[in-house]
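J.: Provided below are the primary sequence and the corresponding predicted coordinates.
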Amino acid sequence: MNRHQDDDEEAPLLQQPGQPKTRTPLPWNQFWIVLLIQLSHNLVPQTLAPLTPQLIRDIGVTHGDETQVAHFVGILQSSYSAAQALTVLLWSQLSDHVGRKPLTLTSLFAIVVSMFSYGLSTTFVGLIFSRVFYGAFNASDCVIKSLVMDITDQTNLPKAYGYMPLPLMLGTFIGPLVGGSLSRPADRFPDIFGRSELLRTHPYLLSCAVPAIFASVVFLVTYFRLKESVSSRSSLWELIKGRLLRQSYTKPFTLSSNDLASSGVANSEEVPSRPLPLRALLTPKVLTATASSATNSLLHVTLFSILPVFYATPIELGGLSLDPPRIGAILAVSGVAHGVFQLLFYARLHDRFGAGAIYIAGVGSGIPIIILFPVINALARAHGIGLAVWLCIGVQIALKVILDVSSAYLVLFVRAAAPNRVSLGATNGIVQTVVTAIRITGPASVATIFSYSMQEGHDAWSVYYFLMAVAFLAVGTSLLLPRHPSLWEDHQ
């Protein structure tokens, strides 16, 4: 292999400072399908959230003990995350070899199977199986990120991520309505569904069927309309033979320029031959991006877990004594504000200040968010739930929006850290594996510390000390990132 080919294999993923800075238009012929796929996956947890507690009660696993409902709901959530943590790296590496499209179709198929299984389950073991199946075969978190990186370049990737909250907002709005209003339809709508023995026996099947049917439609759209974005692929059988015989069977497969243009693949002149092995991916840049992603995820999941608990906890125990409707309204406003802010300002802030500066500022906003917890409680103790408390909650939510938006800039650093273009999937898989492990352990840790701090004789500020330590750790790792991802590319 000559020097020119070597340069192609290590071709930078981001545009160099000396290259033209003309903004590339978003490949909407492919990107709208990505948004549909994201909506399919976002509908699943949002649909299950309102119906799962009552489903747990109905199957009798708690034996009438209301204090155990949350415990079993937590087991279901953890089973999904644990299964995903065990397989996400495998799927992400496989996507570099066989392509993004087969893995995307697999994850959509997993939605269909798991949601119908969930709705038909009459035992807790059946519910666990459904969630584990979905988690084990859901590679969307890393594969979709790699797919978006494939079809964009440095100039339009920030704009693409400005649109990524749209599926989340739609899922957050539609999912709870489907899960809540369509559960137990034979009881709620007896004139329409009262004669259905199936819906009487399985009262949550209709709610689960809606995201399953939607995923089926998106599966067909993806199969017929989504273009493969990986330019160098091998078949699964050849990959298996290569593993068994300790040989590489990845074939250099070069798309024509027309194919590349139609599929929206950015930087079509860069067609490296094959993905790098896992050990070769553990470079200082990848490890730095992974560390930042891990600490950022830990800060997010701990704050997201503690926020509704703090709002619901009695004032005398350190919380705010808000009822569920108010808590839901606050979280809904936060979600909508996040989506609108990212859609309008993500790309503009990136162009004006650079990804590194925005990310550091966003992570730093976690510190005042944490400080506001005891401040809000002190105000509520002194003056009740008045204007001062609501102003502080508003400031806290605004800071949380900044924190949420800043996290999306990490994808730019992960893209820049990948040693070459055809190893994007595996690089995303490394990051996602660590992040998924954090999602399993983070909520349980902060919940345990919060419960400990509320007990008599213990320091009520223990949970805030823990959160501040997490926030400073996230800020510390953010300082290891360059001001702009292209600076990493300058030293490739």
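T.: That came in fine, so what should we check first?

J.: In stretch 178-189, which residues are buried?
T.: Residues 178, 179, 182, 183, 184, 185, 186 are the ones in stretch 178-189 that count as buried (16 or more other CB atoms under 10 Å). From N, CA and C alone the C-beta is placed, and that goes for glycine too.

J.: ugh, typo on my part, it should be stretch 301-317
T.: Neighbour-count burial for stretch 301-317, counted by 16+ other CB under 10 Å, picks out 301, 302, 303, 304, 305, 306, 307, 309, 310, 311, 313, 315.

J.: Out of the buried residues of stretch 178-189, which sit inside helices?
T.: Members of the buried residues of stretch 178-189 lying in helices (criterion: DSSP state H): 178, 179, 185, 186.

J.: For the third one, give me its contacts.
T.: Each residue near residue 185 by CB atoms under 8 Å, 6 or more residues apart in numbering is listed here: 192, 193, 196, 199, 203, 206.

J.: Out of the buried residues of stretch 178-189, flag the one nearest to residue 403.
T.: residue 179 (27.3 Å; CB to CB).

J.: how close does that closest one get to residue 40?
T.: Distance, residue 179 to residue 40, using CB to CB, to the nearest Å: 15 Å.

J.: what helices or strands is the helix or strand hosting residue 425 leaning on?
T.: Element membership of residue 425 [criterion: DSSP states H and E] is helix 424-454. Judged by 3 or more CB pairs under 8 Å, 6 or more residues apart in numbering; DSSP states H and E, helix 424-454 is in contact with helix 69-98, helix 140-151, helix 278-281, helix 284-312, helix 410-417, helix 462-478.

J.: how many degrees apart are the second one and helix 69-98 in direction?
T.: Think helix 140-151. 30 degrees (axes from the mean of the first three to the mean of the last three CA atoms, to 10 degrees).

J.: Tell me the helix or strand right after helix 140-151.
T.: Moving toward the C-terminus from helix 140-151, the next helix or strand (DSSP H and E) is helix 157-163.

J.: got the CA positions of that following helix in CSV?
T.: The C-alpha coordinates for helix 157-163 follow below in CSV (Å, rounded to 0.1, in the frame of the first residue of the first chain):
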residue,chain,number,x,y,z
LEU,A,157,-23.0,18.5,11.7
PRO,A,158,-23.8,21.3,14.3
LYS,A,159,-26.9,22.2,12.3
ALA,A,160,-27.9,18.5,12.2
TYR,A,161,-27.7,18.2,15.9
GLY,A,162,-29.8,21.3,16.3
TYR,A,163,-32.7,19.3,14.9
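
J.: That one - what's its average pLDDT?
T.: Regarding helix 157-163, the rounded mean pLDDT is 88.

J.: picking up where we left off before, could I get the buried residues of stretch 301-317 as TSV with pLDDT and distance to residue 131?
T.: As requested, the buried residues of stretch 301-317 are exported to TSV (pLDDT from 0 to 100; distance: CB to CB, whole Å):
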residue	pLDDT	distance to residue 131
301	85	18
302	85	22
303	87	24
304	81	19
305	77	19
306	81	24
307	82	24
309	77	23
310	83	27
311	84	27
313	80	28
315	87	36
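
J.: Now do the contacts for residue 288.
T.: So residue 288 contacts 413, 417, 477, 480, 481 (CB under 8 Å, 6+ apart).

J.: and if we set it to 10 Å?
T.: 413, 417, 477, 480, 481, 482, 488 (CB atoms under 10 Å, 6 or more residues apart in numbering).

J.: doesn't residue 360 make contact with the first one?
T.: No. Residue 413 lies out of contact with residue 360 (CB atoms under 10 Å); the separation is 11.8 Å.

J.: Does residue 322 belong to a helix, a strand or coil?
T.: coil (DSSP: H, G, I helix; E, B strand; the rest coil).

J.: same check, this time on residue 64
T.: coil.

J.: list the contacts for the spatially most central residue of the chain?
T.: Computing the C-alpha centroid of the chain and ranking residues by CA atoms, centre = their mean puts residue 141 first, at 5.7 Å. Counting by CB under 10 Å, 6+ apart, residue 141 touches 41, 84, 88, 91, 92, 107, 428, 429, 431, 432, 435, 436.

J.: Can you redo these as CSV, where the extra columns are distance to residue 355, neighbour count and pLDDT?
T.: Output for the contacts of residue 141, formatted as CSV (distance: CB to CB, whole Å; neighbours: other CB atoms under 10 Å; pLDDT from 0 to 100):
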residue, distance to residue 355, neighbour count, pLDDT
41, 25, 23, 94
84, 27, 27, 90
88, 24, 28, 90
91, 27, 24, 90
92, 22, 28, 88
107, 28, 23, 95
428, 17, 31, 87
429, 22, 29, 89
431, 16, 28, 90
432, 19, 26, 87
435, 18, 23, 89
436, 23, 23, 86
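
J.: Beyond whichever strand or helix holds residue 103, next helix or strand please.
T.: Using DSSP H and E, residue 103 sits in helix 100-120. Once helix 100-120 ends, the next helix or strand along the chain (criterion: DSSP H and E) is helix 124-137.

J.: Show me how far that next one is from its chain's centre.
T.: Remark: helix 124-137 is offset 19 Å from the chain centroid, using CA atoms, centre = their mean, to the nearest Å.

J.: average pLDDT across that helix?
T.: For helix 124-137, the per-residue pLDDT averages 94.

J.: That one vs helix 69-98, what angle?
T.: 30 degrees.

J.: Return the set of buried residues in helix 124-137.
T.: Result for helix 124-137 [16+ other CB under 10 Å]: buried residues 124, 127, 128, 129, 130, 131, 132, 133, 134, 135, 136, 137.

J.: Which strands and helices lie in contact with that helix?
T.: For helix 124-137, the elements it packs on are helix 28-59, helix 69-98, helix 100-120, judged by 3 or more CB pairs under 10 Å, 6 or more residues apart in numbering; DSSP states H and E.

J.: That helix vs helix 424-454, what angle?
T.: Per the same axes, to 10 degrees, the angle that helix 124-137 makes with helix 424-454 is 140 degrees.

J.: C-alpha coordinates for helix 124-137, PDB please?
T.: This file holds the C-alpha atoms of helix 124-137, laid out as PDB (Å, rounded to 0.1, in the frame of the first residue of the first chain):
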ATOM      1  CA  PHE A 124     -43.000  -9.900  35.800                       C
ATOM      2  CA  VAL A 125     -40.600 -12.400  34.100                       C
ATOM      3  CA  GLY A 126     -42.300 -11.600  30.800                       C
ATOM      4  CA  LEU A 127     -41.800  -7.900  31.300                       C
ATOM      5  CA  ILE A 128     -38.100  -8.400  32.100                       C
ATOM      6  CA  PHE A 129     -37.700 -10.500  28.900                       C
ATOM      7  CA  SER A 130     -39.300  -7.800  26.800                       C
ATOM      8  CA  ARG A 131     -37.000  -5.000  28.200                       C
ATOM      9  CA  VAL A 132     -33.900  -7.200  28.100                       C
ATOM     10  CA  PHE A 133     -34.600  -8.200  24.400                       C
ATOM     11  CA  TYR A 134     -35.000  -4.500  23.500                       C
ATOM     12  CA  GLY A 135     -31.900  -3.500  25.300                       C
ATOM     13  CA  ALA A 136     -29.800  -6.300  23.800                       C
ATOM     14  CA  PHE A 137     -30.800  -5.500  20.200                       C
END
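
J.: Could you check what's spatially nearest to residue 316, not counting adjacent residues?
T.: residue 381 (7.8 Å; CB to CB, 6 or more residues apart in numbering).

J.: In which helix or strand does residue 340 reside?
T.: helix 324-353.
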